[in-house]
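> need a structure here:
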Amino acid sequence: ALHAAFAENVDALPWLRAHRDFIESDQFGFGDRPFHWLYWLLVQQMPQDFAFLEDGVFKGQVTSLIALCAKQCAKNAVVFGVTTLKNTPDVRCRYPDGDYAKWIAEIHNKFEVPQPLLIVGRSDDPKVIQAVQLRSYDLVLIDGSHDYLDVVHDIENYAKCVKMGCFLLMDDASINRLNVGTCWSGLEDVAQAVKDTLDKDERFKFLMAVGHLNVFVKG
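Numbering: from 1, shown residues only. Below you'll find the predicted structure:
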């Protein structure tokens, strides 16, 4: 019911619907339509000036959405993204060849929002980790490699960058969660990595799942 209600809310808000329609029609991303409403709710909870980090940028769906939501509620968002800018496969997923930098620029230009600050490289590259850890973030999404050890390492390296009282999102992680219903619940390696790390981490509290997207709060 929550999943369906969030989808209806997206469709009732023209600018939000237009963004998701573009994603689906032009194959600019994955995830579920209701996620757009969740991000809109989260951005409204952000302070006037906030920082967002996505680990695992694909073609710019989420980075452009966060910037667009910030624009709609007159907030100042600094949007960061970790990406290899190429079709980096993992045990579960394969991605198309193409110009990822061009795709990311295209969607941000289309919706007239600032370009993200990209940190280029694998999420486990020491230089990438060092660059990410130069600051803290109000909202972090981990959606990179789906291999178990990669997910564990991403959580270990990036969860510490979430500010107290702020949010960490884990994609593809709802296997064995309550209230997911008939929605696709994610990938076993990711869900197990979350169970073995975040679910046992006293710094974080699990708040909710919208489909396969999990929301945690720190503190």
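> tell me the contacts of Gly211?
Counting by C-beta atoms under 8 Å, 6 or more residues apart in numbering, Gly211 makes contact with His3, Gly31, Asp32, Pro34, Phe35, Ser174, Val180, Cys183, Trp184, Ser185. All C-beta spots, glycine's among them, are computed from the backbone N, C-alpha and C.
> For those residues, could you give me JSON lines that also reports secondary structure, distance to Ala159 and pLDDT?
Output for these, formatted as JSON lines (DSSP: H, G, I helix; E, B strand; the rest coil; distance: C-beta to C-beta, whole Å; pLDDT from 0 to 100):
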{"residue": "His3", "secondary structure": "helix", "distance to Ala159": "25", "pLDDT": "91"}
{"residue": "Gly31", "secondary structure": "coil", "distance to Ala159": "20", "pLDDT": "92"}
{"residue": "Asp32", "secondary structure": "coil", "distance to Ala159": "23", "pLDDT": "94"}
{"residue": "Pro34", "secondary structure": "helix", "distance to Ala159": "24", "pLDDT": "96"}
{"residue": "Phe35", "secondary structure": "helix", "distance to Ala159": "20", "pLDDT": "97"}
{"residue": "Ser174", "secondary structure": "coil", "distance to Ala159": "18", "pLDDT": "95"}
{"residue": "Val180", "secondary structure": "coil", "distance to Ala159": "22", "pLDDT": "74"}
{"residue": "Cys183", "secondary structure": "coil", "distance to Ala159": "24", "pLDDT": "88"}
{"residue": "Trp184", "secondary structure": "coil", "distance to Ala159": "24", "pLDDT": "90"}
{"residue": "Ser185", "secondary structure": "coil", "distance to Ala159": "21", "pLDDT": "93"}
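> Please, a PyMOL command that selects the buried ones among those residues?
To isolate the buried members of the contacts of Gly211 in PyMOL, using 16 or more other C-beta atoms under 10 Å:
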select buried, resi 3+31+32+34+35+174+180+183+185
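> List the buried residues in the helix or strand hosting Trp40.
Secondary-structure assignment from DSSP states H and E places Trp40 in helix 34-45. By neighbour count on 16+ other C-beta under 10 Å, the buried set for helix 34-45 is Pro34, Phe35, His36, Trp37, Leu38, Tyr39, Trp40, Leu42, Val43.
> ok, now how distant is the third one from Leu85?
Using C-beta to C-beta, to the nearest Å, one gets 24 Å for the distance from His36 to Leu85.
> for the fifth one, same thing?
The spacing between Leu38 and Leu85, counted by C-beta to C-beta, is 26 Å.
> Would you map the helices across the protein?
2-12, 14-25, 34-45, 61-72, 100-110, 126-132, 148-158, 188-196 (DSSP state H).
> Of all residues in the chain, which one is nearest the centre?
The residue lying closest to the centre of the chain (C-alpha atoms, centre = their mean) is Leu141, at 3.6 Å.
> Number of residues surrounding Cys166?
Cys166 sits with 22 neighbouring residues when counted by other C-beta atoms under 10 Å.
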